[in-house]
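In: Just need the structure, nothing else, for what follows:
(one chain, ligands or ions: 2)
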Amino acid sequence: MSKVLVSDPIDQAGIDILSQVATVDVKTGLKPEELVQIIGEYDALMIRSGTRVTQEIIEAGTQLKIIGRAGVGVDNVDVPAATRKGIVVVNSPEGNTIAAAEHALAMMLSLSRYIPDANASVKRGEWDRKSFIGAEVYKKTIGIVGLGKIGSHVAAVARAMGMKLLAFDPFISTERAEQIGCQLVDLEVLIQQADYITLHIPKTPETTHLINTERLAKMKPNARIINCARGGIIDEEALAVALREGKIAGAALDVYEAEPLGESSLKSLGQQAILTPHLGASTTEAQVNVAIDVAEQIRDVLLGLAARSAVNIPGLSPDVMEELKPYMQLAETLGKLVGQLAGGRVELLNVRLQGELATNKSQPLVVASLKGLLYQALRERVNYVNASIEAKERGIRVIETRDASIKDYAGSLHLEATGSLGTHSVTGALFGGGEIRLTNLDDFPINVPPNQHMLFTLHRDMPGIIGKLGSLLGSFNVNIASMQVGRKIIRGDAVMVLSLDDPLPDGILPEIIKVSGIRDAYTVTL
Ligand SMILES: NC(=O)c1ccc[n+]([C@@H]2O[C@H](COP(=O)([O-])OP(=O)(O)OC[C@H]3O[C@@H](n4cnc5c(N)ncnc54)[C@H](O)[C@@H]3O)[C@@H](O)[C@H]2O)c1
Ligand SMILES: O=C(O)CC[C@@H](O)C(=O)O
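Out: Residues are numbered from 1 along each chain as shown. Ligands and ions are numbered 1, 2, ... in the order given. Next comes the predicted model:
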C-alpha cells in the first residue's frame, strides 16, 4: 500500500480520502532535517504553508510521486526541483478564494471601525466611545491591486457596499474590469485616489516591495492599506514609518516578509495597524475545500490517474503526454515569449500548427501556449487545467489554425499575440534531441535556442549598431551569451536576438532605444 505523509494540519475530510488508498501518517511540526530523514518512505506529501519543501527534501524523497499543497500558493515548494524529478505538484487554486476575500473585507471594516482595539478596551473594563470614531466605506474609493479570483470577489462585495471601484491589473482587459464594475487605472492613479487599497497579486520579482516609501508617500493621509496576498509586496519597514508619521491612516496585514512574524516595528504600532497570523484561508469551509481538492488529486495520482490541477505536469493520459511533452514545452516557451513581447494585456492569441504538427491534436498545444502566455500574470496559479478558463475570463480571444504546407522544419508552432505593445509573433521548432529553437520572430528568420534572459531589438541593418549595443550593455555590466541578427534584405529592417547571462538592469531599455538605428527593444524572461 502507498504511504502518504501529511506534515501540516489538514482537515479530516482530506485524511479520509487519502486513507481509501494509502497509509496516512500525520506528523506536523517536523524540523527540516527530520523531514529529510523520513521522506524517503513516502509516495506522497501533503502540506499547507507551514512546510518548506526544499530541493534537499525532494532529493531525499526517492519514492515521491506527488506533493499536494492544500491551498493556492506553491511558493513553499521548490517546483523546478520537483519537476526535474518527475514529481507532480498539485494545489487548490480556488478552494480558499472566498475565505481570503472575506478576510480582506473584514480587515477593511476592522480598520475603519477600530474593532480589535475597541473590543480589547471593553474587555479591559473600559467604556470608551470617543477613541473609536471610525470612517464609513460607503461612497469611498477602493483600489484593488490584482483583479483575479480574490480581487474580483472583493470587488463584488465592495460594490454592493456602495464603494467606488478602481483596479490595477496589467493582465486584465478593460472589458473584463468593466464587467466586474471596476475602472481600470494605472497603479499611480490608484495609489493617489484610493481611500482603501487592497492587494490581491502574487509575489513576483515585479511585485516585491511594490508598495514602498515613494508610493506610501503618494497615498492620501486617510488611506488604509490591506495585504492578505503575500508578505513582501509591501516594504514592512517603510510601512511602519508611514504609519508612525501619519502619512497614511492604517494598515492591515495577514502576511509578512518572514513568517511567523518575529521582531518587527509593526508590532509596536497602535490601532492604526491590524496584524493577523496568515489567517486568510482559515475558515472551516476553505479548509474542507482545499483538503478535499488536494487529497482527491493525491488519491488519483497514486491510482495511476491524472491530476486535475497540476502546477507542473498536465493532466493528460500518459501516452498522449509522452508524445506531446516536447511540443508542450515548446508551446509554453513560445507563449511566455510572445506574451511579454505583446505586453501584458493580450487580447488575441493565434496558434498555428505547421508542417507535420498540423496533423496533431491542437488543444493541448493551445492550452500549453496559454499557460505560457499567462505565466507572467498568474505564476504557479496557472496550470494546464485552468489556462483556458483564465484566458477566457481575461477576455483573450484564441484562434487555432493549421497549415501542413509550411515545411521549413518537420513541424513547427507559430504564435501571434496582440496586446498593449502591439502584435508580435514567434515561431519555434524542435531540433535533434528535442531541443527548442526559435526560428522566426516578427517574420524575420532566426535560429536561436531560448534563454532565461533575452533582449530583442528591431533596428535598421547598418554598420556599427551591434558594436554600440554591445558597448552599452557592457557599460551596464550585462554579459552577452550569444547574439544573432535576422533580416530579410541587406540594409533593410532587421531584428537582433541577444541571450544574456544577467537580467537587464532597470532603466537600460530607454537607453537602448536611443541608440541611432534601433527602433524598438524588448526584454523577455523565460
Ligand atoms: N492570506 C491567505 O491566506 C491567502 C489565501 C489565498 C490566496 N492568497 C494570495 O492572494 C493572492 C491572490 O490570489 P488569487 O487566487 O486571487 O490569484 P489570481 O491568480 O486569481 O489573481 C492574481 C491577479 O494578480 C494579477 N497580477 C499579476 N501580477 C500583477 C502585477 N504586477 N500588478 C497587478 N496585478 C498583477 C493577475 O493578472 C491576476 O489577475 C495570491 O498572492 C495568493 O497567494 C493568500
Ligand atoms: O495554508 C494556509 O493557510 C495558507 C493559504 C494561502 O496562503 C494559500 O496560498 O492558499
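In: ok, now how distant is Val366 from ligand 1?
Out: 20 Å (C-beta to the nearest ligand atom, to the nearest Å). For glycine as for every other residue, the C-beta is placed from the backbone atoms N, C-alpha and C.
In: pLDDT at that residue, what is it?
Out: Predicted confidence (pLDDT) at Val366: the value is 91.
In: can you start the count at 234 instead of 1 from here on
Out: With 234 as the first residue, the last one maps to Val599.
In: who touches Thr672 in this structure?
Out: Asp641, Tyr642, Ser645, Thr660, Gly661, Ala662, Pro678, Ile679, Asn680 (C-beta atoms under 8 Å, 6 or more residues apart in numbering).
In: Mind checking which of those are in strands?
Out: Of the positions in the contacts of Thr672, Ser645, Thr660, Gly661, Ala662, Pro678, Ile679, Asn680 sit in strands, assigned by DSSP state E.
In: Counting neighbours, what do you get for the residue lying closest to the fifth one once chain neighbours are set aside?
Out: If you skip the residues right next to it in sequence, Pro678 has Gly719 as its closest partner in space, 5.3 Å away by C-beta to C-beta, 6 or more residues apart in numbering. Gly719 sits with 22 neighbouring residues when counted by other C-beta atoms under 10 Å.
In: Mind telling me what element Gly719 is part of?
Out: Secondary structure assignment for Gly719, by DSSP states H and E: strand 713-720.
In: which of the residues in that strand are buried?
Out: Under the neighbour-count criterion of 16 or more other C-beta atoms under 10 Å, strand 713-720 has Met716, Val718, Gly719, Arg720 buried.
In: and these as JSON lines, adding distance to ligand 2 and pLDDT?
Out: As requested, the buried residues of strand 713-720 are arranged in JSON lines below (distance: C-beta to the nearest ligand atom, whole Å; pLDDT from 0 to 100):
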{"residue": "Met716", "distance to ligand 2": "41", "pLDDT": "89"}
{"residue": "Val718", "distance to ligand 2": "44", "pLDDT": "89"}
{"residue": "Gly719", "distance to ligand 2": "42", "pLDDT": "86"}
{"residue": "Arg720", "distance to ligand 2": "47", "pLDDT": "82"}
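In: so can I have TSV of the residues you listed showing distance to Ser749?
Out: Output for those, formatted as TSV (distance: C-beta to C-beta, whole Å):
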residue	distance to Ser749
Met716	19
Val718	17
Gly719	20
Arg720	18
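In: Next, please give the residue ranges for the strands of the stretch 484-633 of the chain.
Out: 506-508, 581-588, 630-636 (DSSP state E, counting those that start in this stretch).
In: Within its sheet, name the partner strands of the last one and how each one runs.
Out: Looking back up the chat, that one is strand 630-636. strand 581-588 (parallel) (DSSP bridges).
In: And for the first one?
Out: Note on strand 506-508: by DSSP bridges, its sheet partners are strand 483-486 (parallel).
In: OK, contacts around whichever residue of the stretch 384-533 of the chain sits closest to ligand 1?
Out: Proximity of the stretch 384-533 of the chain to ligand 1 (C-beta to the nearest ligand atom) peaks at Gly513, 2.4 Å away. Listed by C-beta under 8 Å, 6+ apart, the contact set of Gly513 reads Asn329, Ala332, Ala333, His336, Ala337, Cys461, Asp487, Val488.
In: Give me the subset of those residues that also touch ligand 2.
Out: Asn329 (C-beta under 6 Å from any ligand atom).
In: Neighbour-wise, give me the winner out of the contacts of Gly513.
Out: Among the contacts of Gly513, Cys461 has more neighbours than the rest - 28 neighbours, counting by other C-beta under 10 Å.
In: Contacts only, for that one.
Out: Ala333, His336, Ala337, Met340, Ile383, Thr431, Leu432, His433, Ala485, Asp487, Val488, Gly513.
In: Next: Ser406.
Out: Arg578, Glu580, Arg627, Gly628, Ile629.
In: I'd assumed Gly655 was in contact with the first one.
Out: In this case it means Arg578. No: contact criterion C-beta atoms under 8 Å: Arg578 and Gly655 do not qualify, at 11.4 Å.
In: And these two? Which one has more around it.
Out: Arg578 (21 against 12).
In: Could I get the phi/psi values of the more buried one?
Out: phi -80, psi 70 (degrees, to the nearest 10).
In: Excluding sequence neighbours, find me the nearest residue to it.
Out: Ser653 (4.4 Å).
In: Relative to Ala293, how far out is Leu251?
Out: For Leu251, the distance to Ala293 equals 21 Å [C-beta to C-beta, to the nearest Å].
In: What of Ser498?
Out: 38 Å.
In: Go through the strands of the stretch 484-633 of the chain and name the closest to ligand 1.
Out: strand 506-508 (12.5 Å).
In: Any chance you could list what contacts the closest one?
Out: 340, 343-344, 349, 473, 476, 483-486, 494, 499-500.
In: Save the residues you listed as JSON lines, and put in pLDDT and distance to ligand 1 too.
Out: Output for the contacts of strand 506-508, formatted as JSON lines (pLDDT from 0 to 100; distance: C-beta to the nearest ligand atom, whole Å):
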{"residue": "Met340", "pLDDT": "98", "distance to ligand 1": "10"}
{"residue": "Ser343", "pLDDT": "98", "distance to ligand 1": "15"}
{"residue": "Leu344", "pLDDT": "98", "distance to ligand 1": "16"}
{"residue": "Pro349", "pLDDT": "98", "distance to ligand 1": "17"}
{"residue": "Ala473", "pLDDT": "98", "distance to ligand 1": "20"}
{"residue": "Leu476", "pLDDT": "98", "distance to ligand 1": "20"}
{"residue": "Gly483", "pLDDT": "98", "distance to ligand 1": "18"}
{"residue": "Ala484", "pLDDT": "98", "distance to ligand 1": "15"}
{"residue": "Ala485", "pLDDT": "98", "distance to ligand 1": "11"}
{"residue": "Leu486", "pLDDT": "98", "distance to ligand 1": "10"}
{"residue": "Leu494", "pLDDT": "97", "distance to ligand 1": "13"}
{"residue": "Leu499", "pLDDT": "97", "distance to ligand 1": "16"}
{"residue": "Lys500", "pLDDT": "97", "distance to ligand 1": "19"}
